[in-house]
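In: below are the sequence and a predicted model for it; my questions follow.
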Amino acid sequence: MKMKTRRFFIWTLACFPLIAILAVVSFFRQPLTIHARVAEDGGFMPDIIKARVGEPLSLRLISDDVEHSFALGQTDLQPVAFQPGEPAEIELIFDKPGTHTFYTTTPSSLNFWRMRGVIEVSGEGETQSAEPLLYIRLGLELDGEHESGEQHVEFARQPSAARGAAFANQIPAAILTSDYYVSHSPMEAFEELRGEPALQSLNDERIWDVVAYLWRKNTSPTALVEGQRLYQVNCAACHGESGAGDGQFADEMKAIAEQNNAEHGIQAPTDFTDAEHLLEAKPAVLQGLILRGGMGTGMPMWGSIFTEQQTWGLTAYLYSFQFEYPK
Amino acid sequence: MFSKTRKILFLIIIAALTANAVSACSTSQTDEVHLYMMPLDQMPMVVQSAPVAVQEAYQFASINPDLMQNIPCYCGCGEIGHTSNYDCYVSSIDDKGINAFDNHALGCSICVDISQDVMRMLREGKSPPEARAYIDSTYSRYGTSNIP
């Protein structure tokens, strides 16, 4: 009897560590469940997730109300959509420490852009330090009135980069640089080119073609395609597919803006088809507004989501609402 | 080999020890510092109907002025006279100590992100100066601090 009792306790003590380890391992190997609800009802829950470099992070995505999606900033991961009753599972592995923002690309409500969370990745590796945005380095203002000339802009036909290319060899070298492009608005470029002796024979329409050529020269077909993709996925819900500021939430935003009647509160989405507005904006300012977001206007900050390269593609794409670029 | 009673006893011991081990591993996830928040029903209706992240930011900032007046904002609101992240939520306080709420943060992305980061860090046990340092290092690339 005593022998059996002793054997029983030896077995118990011997098995405990193994079973405990198995239990703990299986506990942590289960996917972490993230519930999603429209932002007004909570957004992503949890919205702070811990991960370690090199260790798989499995996520189970469950919608509690309408269709949502899970996208991860600064990565190539394509948004993963999931519906109520149809969870999705994904596995992520991070190769360096840092903080990643996850977000939705599905316009589930006016505040869908508030559906964000972070994955804090710890472990070995270098974290990247980001330098101040270009608009700061150039000493430009984001929130002031756009500097503009006295010109009233009304195009009889859309400025064409292809037509402007015919005058490429008459453009001063200083205006052809990327430094010039990022720090000048199309309107400023127009005014400078208008004063160029070599271009005196061209009418205003032709000068605008040259400006379109300059803006097209500072991007690439690949960047424009990526810019268009980002715009349609992330911006069109407010700014509209055609850029006219008439997306599905535009009316709600206009109503809030009128109700608040505040200069620095929520505003109606910018209309990129408004020539005077867009042509007075410097590329570095547009990029800064995309990265930082509006100052209380309802425009989200994308700095934690888009890469530097993506923001330049998106900025270049915005000008295509005014300029005709070769397909 | 073992009697039925011993088998049951064996399983109970293993289950109890395992549950203890698992709960010990998971308590660190919930061991958070409690934050003072203003009750939601004391907020304006526009805040009560705002996204939960925005509600929380208003609830937290408005009841922690000493802390949040030392946290900068980088949304550019220094241009409109804000001198801290607190000003994005509360525009003034009257003689009776009642807040006049500012609608600015309702439409501001960075303002709320900054407040949420502060809340997260305090919940994790970080100090206000550590939170301030994190905010400065994370957001200063986007603009100028509004704390003079």
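Out: That came in fine, so what should we check first?

In: low-confidence stretches in the chain?
Out: No chain was given, so I picked chain A. A:1-29, A:145-151, A:261 (pLDDT under 70).

In: wrong chain, I was asking about chain B
Out: Scanning chain B for pLDDT under 70 picks out B:1-31.

In: show me it divided up by domain.
Out: Listed domain ranges for chain B are B:1-31, B:40-139 (source: automatic domain parsing).

In: give me whichever of those is most buried.
Out: domain B:40-139 (a mean of 19; mean count of other C-beta atoms under 10 Å in any protein chain shown). Glycine gets a C-beta too; all of them are placed from N, C-alpha and C.

In: chain center to it: distance?
Out: The chain centre lies 10 Å from the centre of domain B:40-139; the measure is C-alpha atoms, centre = their mean, to the nearest Å.

In: repeat that for stretch A:153-165.
Out: 28 Å.

In: thinking again about what came up before, could you say which one of the domains of chain B comes nearest to A:Met45?
Out: A:Met45 lies closest, by C-beta to C-beta, to one member of the domains of chain B: domain B:40-139, at 9.0 Å.

In: how long is that closest one end to end?
Out: End-to-end distance for domain B:40-139: 28 Å, by C-alpha to C-alpha, to the nearest Å.

In: so it, near chain A or not?
Out: Yes: remark: domain B:40-139 sits within contact range of chain A at B:49-54, B:74-77, B:79-80, B:88, B:103-113, B:120, by C-beta under 8 Å from any C-beta of the partner chain.

In: would CSV of the domains of chain B with distance to A:Gly227 be doable?
Out: Output for the domains of chain B, formatted as CSV (distance: least, C-beta to C-beta, whole Å):
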stretch, distance to A:Gly227
domain B:1-31, 40
domain B:40-139, 20
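
In: hmm, back to that, among the residues of domain B:40-139 next to chain A, which are in helices?
Out: Secondary structure defined by DSSP state H assigns B:Val52, B:Ala53, B:Val54, B:Ser109, B:Ile110, B:Cys111, B:Val112, B:Asp113, B:Arg120 of these to helices.

In: hang on, the fourth one packs against A:Pro300?
Out: It stands for B:Ser109. Yes: counting by C-beta atoms under 8 Å, B:Ser109 does reach A:Pro300; the two are 4.5 Å apart.

In: can you list residues touching both of those two?
Out: Common neighbours of B:Ser109 and A:Pro300 (criterion: C-beta atoms under 8 Å, 6 or more residues apart in numbering or on different chains): A:Trp113, A:Gly293.

In: the domains of chain B: which one's closest to A:Ala250?
Out: domain B:40-139 (14.2 Å).

In: that older thread, now the two most distant members of the ones in helices among the residues of domain B:40-139 next to chain A.
Out: The farthest-apart pair in these, when distances are taken by C-beta to C-beta, is B:Val52 and B:Ile110, at 17.9 Å.

In: from the contact counts, what lies against the helix or strand A:Val118 falls within?
Out: Counting by DSSP states H and E, the secondary-structure element that holds A:Val118 is strand A:116-122. On a contact count with 3 or more C-beta pairs under 8 Å, 6 or more residues apart in numbering or on different chains; DSSP states H and E, strand A:116-122 meets strand A:48-52, strand A:98-103.

In: tell me which strands and helices the longest one is in contact with?
Out: What that stands for is strand A:98-103. Strand A:98-103 is packed against strand A:68-72, strand A:116-122, with contacts defined by 3+ C-beta pairs under 8 Å, 6+ apart.

In: parallel or antiparallel, list what pairs with it.
Out: With DSSP bridges as the test, strand A:98-103 is paired with strand A:68-72 (antiparallel), strand A:116-122 (antiparallel).

In: and those strands, which is most packed in?
Out: Highest mean neighbour count among the strands paired with strand A:98-103 (mean count of other C-beta under 10 Å): strand A:68-72, a mean of 23.

In: tell me how far that one is from the chain's mean position?
Out: On C-alpha atoms, centre = their mean, the centre of strand A:68-72 falls 13 Å from that of its chain.

In: which residues sit against that strand?
Out: Outside strand A:68-72, the residues within contact range by C-beta under 8 Å, 6+ apart are A:34, A:36, A:59, A:61, A:77-82, A:88, A:90, A:92, A:100-106, A:108, A:115, A:119, A:305.

In: could I get the helices and strands packed on strand A:116-122 as TSV with distance to A:Leu289 and mean neighbour count?
Out: Shown next, in TSV, are the helices and strands packed on strand A:116-122 (distance: least, C-beta to C-beta, whole Å; neighbours: other C-beta atoms under 10 Å in any protein chain shown):
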stretch	distance to A:Leu289	mean neighbour count
strand A:48-52	27	16
strand A:98-103	18	20
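
In: give the contact list for residue 103.
Out: Using chain A. Applying C-beta under 8 Å, 6+ apart, the residues near A:Tyr103 are A:Ala71, A:Gly73, A:Trp113, A:Met115, A:Arg116, A:Gly117, A:Ile305.

In: sorry, I should have been clearer: chain B.
Out: Shown in contact with B:Asn103 (C-beta under 8 Å, 6+ apart): A:Asn260, A:Ala262, A:Gly265, A:Ile266, A:Gly296, B:Val46.

In: wait, doesn't B:Ser62 sit right on B:Met38?
Out: Yes: using C-beta under 8 Å, B:Ser62 makes contact with B:Met38 at a distance of 5.0 Å.

In: list phi and psi for the nearest residue to A:Ile256 once chain neighbours are set aside.
Out: Of all residues not flanking A:Ile256 in the chain, A:Ile266 sits nearest, at 4.7 Å (C-beta to C-beta, 6 or more residues apart in numbering or on different chains). The phi/psi pair for A:Ile266 (degrees, to the nearest 10) reads phi -60, psi 130.

In: tell me how many other residues crowd A:Ile266.
Out: Counted with other C-beta atoms under 10 Å in any protein chain shown, the neighbours of A:Ile266 add up to 24.

In: tell me who's in contact with it.
Out: Contacts for A:Ile266 (C-beta under 8 Å, 6+ apart) come out as A:Met253, A:Ile256, A:Ala257, A:Asn260, A:Gly296, A:Thr297, A:Gly298, B:Asn103, B:Leu106, B:Gly107.

In: switch to 7 Å and redo it
Out: A:Met253, A:Ile256, A:Ala257, A:Asn260, A:Thr297, A:Gly298, B:Leu106, B:Gly107 (C-beta atoms under 7 Å, 6 or more residues apart in numbering or on different chains).

In: I am finished for the moment; much appreciated.
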